[in-house]
Structure formats: structure tokens, C-alpha cells
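Novice: predicted structure and sequence below. I'll ask about it afterward.
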Amino acid sequence: MRFVFKTRYEQDLRLWRHKGDLIGYGIFLAALLALPMFAGVYYVGEANLWLIYSIAAMGLMIAVGFTGMASLGHSAFLGIGAYTHAYLLQNGVPFVFSLPLGGLLAGAIGVAVGFPTLRMHGIYLAIATLAVALITQEIMSKWSSVTGGFDGLPVAAPDFLSIQSEAMYQGEWFSVGGLHVGWTELWSPVSLYYICIVVLVLAALIARNLLRSPTGRAFVAIRDSEISAQSMGIHLAYYKTTAFGISAFVTGLAGGLFAHQISHLAPDAFNIFISIELLLICVVGGIGTIQGAVLGAAFLIMLRSFIPIMRDEVTAGAGGVEMLGGLVRFVNSPGLEAAIFGALLVVFIIFEPMGLYGRWLKVKTYFDLFPLYKKSTFARQKSYVKTERLR
Amino acid sequence: MTFFKADKLAIHFGGVKAVDGVDFEIAEGEIFTIIGPNGAGKTTIFNLISRIYEPTEGQLIFNDEDITNTAPHLIAGRGIARTFQNIELFEQATVLQNLLIGRHAHRSGNLLANIFFLPSTRRAELAHREEVEKVIEFLDLARYRDQRIANLPYGVRKVVELGRALCTEPKLLLLDEPSSGLNVEETSDMAFWIKDIRDLLGITVLMVEHDMSLVNRVSDRVLALNYGRVLTLGSPSEVQSNEEVIRAYLGG
Amino acid sequence: MDSVQIYISLFINGLALGCIYGLIALGFVLIYKATEMVNFAQGDLMMVGAFIAFGLIAGFGLNFWLGFLLTVVFMIIFGFLLDVVVIRRLIGQPQFSIVMATIGIGYVLRFVMPYAFNVEQIAFLTPFTGKAVQVAAMTLDAGKLAAVVGTLVLCAGLYMFFQRTRIGVAMQAASQNQLAAYYMGIPVALIFSLIWGISAGVAAITGVMMMPIANVMDPSIGFIAIKAFAGAVVGGFGSIPGALVGGIIIGLVEQFSDYLLAPGYKDIMVFSVLLAVMVVRPEGIFSQMGRKKV
Ligand SMILES: Nc1ncnc2c1ncn2[C@@H]1O[C@H](COP(=O)(O)OP(=O)(O)O)[C@@H](O)[C@H]1O
Ligand SMILES: [Mg+2]
């Protein structure tokens, strides 16, 4: 471990731990900003999905990872953010207002859901949020006057920022690195990309600020032991509601961005599997960490685009071979993608409960300490079933 | 004035009368110990004081105020802190974070100030940190400051839990079996700390303890409990020579 | 049909469906009570049971009852092994991780079963399929009656097992106090695996009972477990009679709101009832939950 000499308490309040971290995040952000200058529009589209999932998962992480509240209902908050934003845009509300309003409505509904379910323990909340997700989806398909029902709701492109890789005739401000930036309604994935980055940075800041302030510490305390949190003066109901509200707010913001990504909303886009995907991101990325949301989302998106490629390769390569018929059928069976996710989930929980970010920390520690690294540095204590209930 | 008083305190779990009409009073500056065989109701009394349980009957007075109906999360702010028999620390957080959570009752500022980490939040954090560092120094925890609880040995966790309780700046400190699971050396450290907590920090201590040598070293008064009822109350030596207490321990 | 008859048949339908929900709920309440793990794959275990029965009865052409019996035996072994190979390693993880892991297992099962049997949908004949029973002036569906009667028989059997057999009593002990049971010399790990086995066996029986009610099933049939969860919560999570009663309540609510409300509102109704119960009486009908002891 790199030993950081601390001479002032303020050092522990910084956004980063040491210079190396700061440089690392700086490079990461610079690379993100430069990506559309090199990558094609297809990749920018995939990157958008990644960023949006990262934001949504970061929101979920506040509830699940920080506060220990399992939610299966975040697909609903994503959907509420998306529908609200699209509806407001359609009715002439400017983008800069409608996006946060979508988040706020999601947050308000999160508070409304969170509040009555607070007396309940983990599994109850999971089931209650599951119910909310299902009901929300039903409402989306039934409340046609607002949501368009099964026909769905087209998402208007915002008209304030355009970033294109082709020169614009009017409204162009400047161009940089082959990107033409202007104030017109020409909308492209690249425009969305930069908006996503802004929102991602904001979401990460919110999460990080929470973690280094009393509010976030109260969340963590509740996650690890409700009873002692309470006797330290933490008002459980208030902080759980707050955590759930902020969580839903951030995921709702992601929903607004997601609306542009899919450009046409339908209730089915916000089914319960989206919630599970977001949870998967949190677990695979590293539960309880901000970085985990980004890493986990990257993993999910890459795997998702990798599976069809593998399917085509296997089908083309082994298609004619009689003996490999089973394999071809295997890769072409429906549900393969979900099964791979499911299996990975189990594997991660058993073998790497700290997720990808935890793995990254271990690798880093290994090199920092080389050759003194001991496996036991991160060994998990042997544990027993910890009872959560009174017998 | 009454510093702390339990009046006819009782709680029944179905048929089990875990605490059954217990009266006692603690004077400010005392080290008051409750002893009794397993299942006597000692921890239950603590849970009643920290308002985790609703008493079936009786009253709790602290600083002349009735706290029988105070919400559990307000107890810390009133000046009562506690440790737990089976250590209830925040496992995935560091020692420093655990201690900072102990400062929760003294936090100021609102949610938005936290979200934007306004200068006021930063200042408050630094002030809390200074208080926490005092406790770290007092309990000699500097080495473990940035370690996660999950990686710490049992003995250290016990000290961290004590530290977390101290960070709330209590007037009354409840210690549930502070020496259980500690080795001889750690137990003797614990005895010194308990004495110092009273002598240097001026905090009144109510503890549950099985180790009689520790009890003898630090306690002013001892209350013996069995089946939720008071057997006797007096100085450590008086209580230990009491017939009924001896019989209770021998299981008679 | 006059309206009384309609209501009676709605009642029977709801009862039959409710029994299915109740049995799924029973399966995970058994596991929850013993191990404090929440098995979100319980519905998928039911689906696996149905597929196996399909393979034996429709595939190999076994006699229904023989195929049924073999299915249950196979599923008990499957549940046992699932615990030994996967679940046991999750002990000590936060409850949430375990929920996620069982969701993952569900995903895998939903893929593996249709692949292994190379079918998308299954259907097999049972002695009750398409039969009707005449009671007074009413014609009742035999499959639904069988589900109700089967539930009663199964519950009585389980009750006897837990009360009368040594192993059943040991299971009760282990679920009441793990550590104490361990010190008493009860092999807790083995008991846990057995409970997973029993739970999977119950799931298999449920899956077969579902056949004449559903007529065809596909891998996603396991999702009805969501309603079983609702039932378990309504009944009081952790209570075995609660699981059954809650499941039946949900089944009845679903059937009646399907008939009485505009089409498509029955799910909203079911989950609204669930949320209402959670708000008004979060401990459910048969309260079991307590707080962690410190
Ligand atoms: N929440 C509860 N529900 C039921 N019984 C309880 C509860 N808390 C404590 N008890 C019972 O009260 C009695 C006293 O327990 P406790 O106060 O923990 O004893 P100890 O003196 O060893 O700390 C025991 O019989 C215990 O089983
Ligand atoms: Mg005790």
C-alpha cells in the first residue's frame, strides 16, 4: 500500500486519496471527452448506454451499496424519469428543466415508496419495490393520455446543443478535433454523449460528497448495523427515506437520458429485468463503491455486445459440422445472455464479493507492495449466518 | 436532582419476565455495575435504557427528565451512549468512520449542505475530526485509524466500540460486558480506561460485567440481578458475600 | 350460469391458483425459516420440476404417478446438491447478495431447461386434465380440485414430517437456534441441504399440480413466484400457515379482480393489496418477524 503522509485532517476530506488518484481520474475524464473524436457513431452510441447505465447504477448504489436497502424497483424510477422528461419536452419545457424535473419526480415517488416500507427489513423492501416496479409498468401501459400506452411516447430531441462530426451550415459555434459544436436542433449521439458525461460527473460528485459527510456516514451505519446506528443518534426512518429518495432521483436523471438513447418510450423498456441488470452492475462492479457502478456498467455493456458476436462466430464456424450441432443450438437458444449474466452473478458473489473494483484495488495493492503482498490482506473473515431476526 | 433512575422497570416477553420491577438509582460520577448469571436480564435493562425495547411498566429518569417515551435515536443526544455485548460496529467502514459516526448526535447542517459539501460542512467535519482524534489518542487507536473493522482482531474492536461511544460525548456510558472475550492484558487496559473515563472525562459509567476482579477494581456500587429481579445492591464486597448472590451463581 | 355459480367457480379457481402460490411460498418460507436465505429461484425450481415431469411422462411415456414420484425424488436430490455446490458457499454474505445469487440461478435454470429438453413449451397429460367433477348443480374442473386436495395432503404430510420424525424435529431445532442445535450435535450443514431438498421437492409437486391448470407451460412460468412472494408477505413472512393463507388470498384477489374489474387490472390489484398490507400491517397476518437481538 502506498503510504500517504497526512499532515492535515483536510486531506481525508478530499475527493481523491492522493496525487496518483487525481491524475488517474484526470486521464480517465480526458479520455472520455476525447472519445467521440476517434470513435465512430456506433461506438459513441454504445458508450452512451454505458454512461447511462453507470448513472442509473450509481443511483441504485446509494440505496443498495451505501444504505443496504435492496431495491428491485429501480426500473420504475428509470421509467418515471424517462416518461416525465419526454412528456415535458413534448409540452415545450426546456431540456435543462425537464431533465431534473424527471429526476425530482422519481425521487419524490422514491420517498413515497420508501417511507411506508421503512419499518420493514431487507427482504420486505425488495418485495415492496418489486410490486412498485410492476405497478408502475402497468400504469405506463394504461395511462395512455400521458404515456401513449402501448404505442409509446416519442422523445423530442432537445434543441439547444448539437455536436456533429459533419460541418453545419448554420448555428455552428466552433469545431474541435473534427467535432462541430453548435446551438441548433441537430441532435446526434455525440451531443447526448457529452450531456451524459456532465450528468455522470454530477452524480459521482453527489455520491462522493454524501460519503464524506454525516449523511452518507449515516447511510453506511444503517447498512452495517441498524441497531447501533440508532443508538448513535441516527434517525432510521429519515435517513432511509433520504437515501431512497436520492437514489431514485439519480436513477431518474439517468432515465431522462435513457429516453433520448432509445428515442421512443414503451412500457416494456422498463421491465423488472432492467432493475436486475442494474443490481448486477452493482454486484459485479463492486458493491458500495462509486467506481463499481462505472466498471460494472462497462462490463455489462461489453458482454452484451460480445455475446452476439460470439454467437455469429460459433454459428458460422461450427454451423456445417454435424458433431457441433449441440453447440450451435446452445449459442442460439433464447435466454443465453441472461443465463451468462446469472452465472456470472453467482460466480462473482462467491469468488469476488468485492467486485471488479475490489479486484482492481487488489491488483494495485499487489504492485504497490511488491514483493511483500500477502493474500490475507483482503481475506474475508470466516463467517456464520448472521441472524437478522429474533427467535 | 436525579442523575439516573430506573423506577419499577419491567418488561415481559410473552410469559418471560425478563425484567420484573427493577429499581435503582445512579449518582453522577459513579461507576455502577450490574452483575448476574446469564439470562438474568442485564442486557435487557440496557436495551430498555437505550429505548430499543418498550418497557411493559415503569419509568426511566435521566437528568431529571422522563426518558421513558423518548425516541431511541434521541437518546444519544440526551447524553447516553452504549456498547453492545456482541459488538455492533459498522463492519465495512474504517475505524475513523466508525468514530465519526459516533459524532452524529452533534452534527449540524442539512442534507443539501452535505450534498454540495458546502464550506460549513467542511468546517464541521474538521471540528468533528478533532474531537475524534482526541478519542483516538485517549484509547491509543492511532495505528488502526484507517483499517476496516472487518480486518481487526476482536480485542481491538472492543476498544473501537468503546471509542465510538465516547465520541458521542456522553454523560452516562453503558458498557455491556466490556471485558468479555478479552485476554488478561486487554482486560487490565480496559479497567484503566474505565477508571480514566470516569476520573478524567467525568463520565458516569453503568456496566454489566462478569469478571469479578474487574468489578472489584473499578466499581463503586454493584447491583445483583437474577430472573429479572434485584437480589441486592451494595459495595462490591458486600454483594459478593451476599448469600442469595452466591446461591444464584451456583445455580441454586 | 347464474351469478352465484359464477362466484363459486371464481372462488374455486382462486383457491386452486392460491394453493399453487401458497406452495411456492411455502417452499421459500421453509428455506427462510431454516437458513435465513431468501430463495428467489423458488418459482424456477417449480419450472424445473415441471420440465422433468414432462421429460419422464411425455418423453419416456412413464405412467403419470410413477413419473410424478421420480420427479419429486429427482428434485429433492437436485435441491440438496444445489445447496452443497452453490448455496452453502454464500453463507455469511449479506442477505442481498444471496438474493442476487438466487436470481442468477433462476436465470441459468430458465435457459438450461428448454435447452436440455429442446422444447420451448411443455404439456403432458395428467389424470385430471380436461376432466370435470359434478358437485350438486356445479361442474368443477378436476385439475383445480386436485390442486386444492393435493395441497391439503402435502401440508398434512409436511406437518407430520416436522412433528413426528427425528429428522424433522432436528430441522425445527436447527431453524430455531443454529448455534445451539450445532452444539447439541445436530449436523446443521446437512440439515440445511436437506431443507433445500425438501423445498425443491415441494416445488416439483407444485409444478406437476400446475400442469392441468396451466395446460401449457414455458420456462417463464417461474415468474408466478412473484405473486407467491406477495402471498408470503401478506401471510407474514416466515410463517408456514401464513404462506398458505397468504397465497390463497392472493389467488382469490387475482381471480375476483380479473372478473370484476376492467381487463388487465388484476396484477395492479394484487400488488396494491400487497402494498396495502405492508403499510397497514407489515408483519402480515401471522406475525413472525422480530427484531435482531443485541
Ligand atoms: N427480544 C426478546 N424476546 C424474547 N425474549 C427475550 C428478548 N430479549 C431478551 N429476552 C429474554 O430475556 C431474558 C434476559 O436476557 P438478557 O437480558 O439478554 O440476559 P443477560 O442478563 O444475560 O444479559 C432471557 O431469558 C432472554 O431470553
Ligand atoms: Mg447480556
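Specialist: Alright, I've got the coordinates. Ligands and ions are numbered 1, 2, ... in the order given.
Novice: make sure C:L82 is actually in contact with C:W196.
Specialist: Yes: at 6.0 Å, C:L82 and C:W196 qualify as touching, with contact defined as C-beta atoms under 8 Å. Heads up, the C-betas are built off the backbone N, CA and C, glycines and all.
Novice: what's the overlap in contacts for those two?
Specialist: Counting by C-beta atoms under 8 Å, 6 or more residues apart in numbering or on different chains, C:L82 and C:W196 have no common neighbour.
Novice: the more surrounded of those two?
Specialist: C:W196 (29 against 24; other C-beta atoms under 10 Å in any protein chain shown).
Novice: and the more buried one, what pLDDT?
Specialist: Listed pLDDT for C:W196 reads 94.
Novice: residues of the stretch 1-150 of chain B that sit close to ligand 2?
Specialist: Residues of the stretch 1-150 of chain B lying near ligand 2 by C-beta under 5 Å from the ion: B:43, B:85.
Novice: all helices of the stretch 1-150 of chain B, in order?
Specialist: Listed in chain order, the helices of the stretch 1-150 of chain B (DSSP state H, counting those that start in this stretch) span B:42-49, B:75-78, B:95-101, B:111-115, B:119-139.
Novice: mind putting these into a markdown table with mean pLDDT, mean neighbour count and distance to ligand 1?
Specialist: Shown next, in a markdown table, are those (pLDDT from 0 to 100; neighbours: other C-beta atoms under 10 Å in any protein chain shown; distance: least, C-beta to the nearest ligand atom, whole Å):
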| stretch | mean pLDDT | mean neighbour count | distance to ligand 1 |
| --- | --- | --- | --- |
| helix B:42-49 | 94 | 24 | 3 |
| helix B:75-78 | 94 | 21 | 18 |
| helix B:95-101 | 94 | 25 | 24 |
| helix B:111-115 | 88 | 18 | 33 |
| helix B:119-139 | 91 | 17 | 25 |
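Novice: out of these, the one nearest C:Q176 is which?
Specialist: helix B:42-49 (19.8 Å; C-beta to C-beta).
Novice: that closest one near chain C at all?
Specialist: Yes: contact between helix B:42-49 and chain C, assessed by C-beta under 8 Å from any C-beta of the partner chain, occurs at B:43, B:47.
Novice: what lies in contact with that helix?
Specialist: B:6, B:9, B:11, B:18-19, B:22, B:34-36, B:53, B:55, B:60, B:75, B:80, B:82, B:85, B:174, B:176, B:206, B:208, B:225, B:228, C:294.
Novice: just checking, which of those residues belong to strands?
Specialist: Secondary structure from DSSP state E places B:6, B:9, B:11, B:18-19, B:22, B:34-35, B:60, B:80, B:82, B:174, B:176, B:206, B:208, B:225 of the contacts of helix B:42-49 in strands.
Novice: now, which of those residues sits nearest ligand 1?
Specialist: B:A18 (3.2 Å; C-beta to the nearest ligand atom).
Novice: and that closest one, how close does it get to chain C?
Specialist: According to C-beta to the nearest C-beta, to the nearest Å, B:A18 and chain C sit 11 Å apart.
Novice: so what's that residue up against?
Specialist: By C-beta under 8 Å, 6+ apart, the residues touching B:A18 are B:11-12, B:41, B:44, B:228.
Novice: got a pLDDT number for the nearest residue to A:F66 once chain neighbours are set aside?
Specialist: The shortest distance from A:F66 to any non-neighbouring residue, by C-beta to C-beta, 6 or more residues apart in numbering or on different chains, is to A:F219 (4.3 Å). pLDDT recorded at A:F219 is 94.
Novice: circling back to that earlier point, mind putting the helices of the stretch 1-150 of chain B into CSV with distance to A:L125?
Specialist: Converted to CSV, these look like this (distance: least, C-beta to C-beta, whole Å):
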stretch, distance to A:L125
helix B:42-49, 24
helix B:75-78, 25
helix B:95-101, 22
helix B:111-115, 21
helix B:119-139, 29
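Novice: and those helices: which comes nearest A:N91?
Specialist: That would be helix B:111-115 among the helices of the stretch 1-150 of chain B, by C-beta to C-beta, at 28.5 Å.
Novice: show the buried residues in the contacts of helix B:42-49.
Specialist: Buried by 16 or more other C-beta atoms under 10 Å in any protein chain shown: B:6, B:9, B:11, B:18-19, B:22, B:34-36, B:53, B:55, B:60, B:75, B:80, B:82, B:85, B:174, B:176, B:206, B:208, B:225, B:228, C:294, out of these.
Novice: do stretch A:69-85 and chain C come into contact?
Specialist: Yes: interface with chain C: stretch A:69-85 contributes A:A70 (C-beta under 8 Å from any C-beta).
Novice: quick one: that stretch to chain centroid distance?
Specialist: 12 Å (C-alpha atoms, centre = their mean, to the nearest Å).
Novice: so it, near chain B or not?
Specialist: No: shown here: stretch A:69-85 not in contact with chain B (C-beta under 8 Å from any C-beta), separated by at least 14.9 Å.
Novice: where does pLDDT dip in chain A?
Specialist: Within chain A, the ranges that satisfy pLDDT under 70 run A:1-7, A:16-17, A:118-121, A:167-171, A:183-186, A:319-320, A:369-391.
Novice: from the contact counts, what lies against the lengthiest helix in chain A?
Specialist: The longest helix of chain A (DSSP state H) is helix A:290-318. For helix A:290-318, the elements it packs on are helix A:41-61, helix A:189-211, helix A:272-285, helix A:325-332, helix A:336-351, helix A:355-369, judged by 3 or more C-beta pairs under 8 Å, 6 or more residues apart in numbering or on different chains; DSSP states H and E.
Novice: tell me the angle that helix makes with helix A:272-285.
Specialist: With axes from the mean of the first three to the mean of the last three C-alpha atoms, to 10 degrees defining the directions, helix A:290-318 sits at 110 degrees from helix A:272-285.
Novice: quick one on the thing from earlier: can you tell me which of the contacts of B:A18 is nearest chain A?
Specialist: B:T44 (12.4 Å; C-beta to the nearest C-beta).
Novice: contacts only, for C:F192.
Specialist: Taking C-beta under 8 Å, 6+ apart as the contact definition, C:F192 lies against C:34-35, C:83, C:87-88, C:174.
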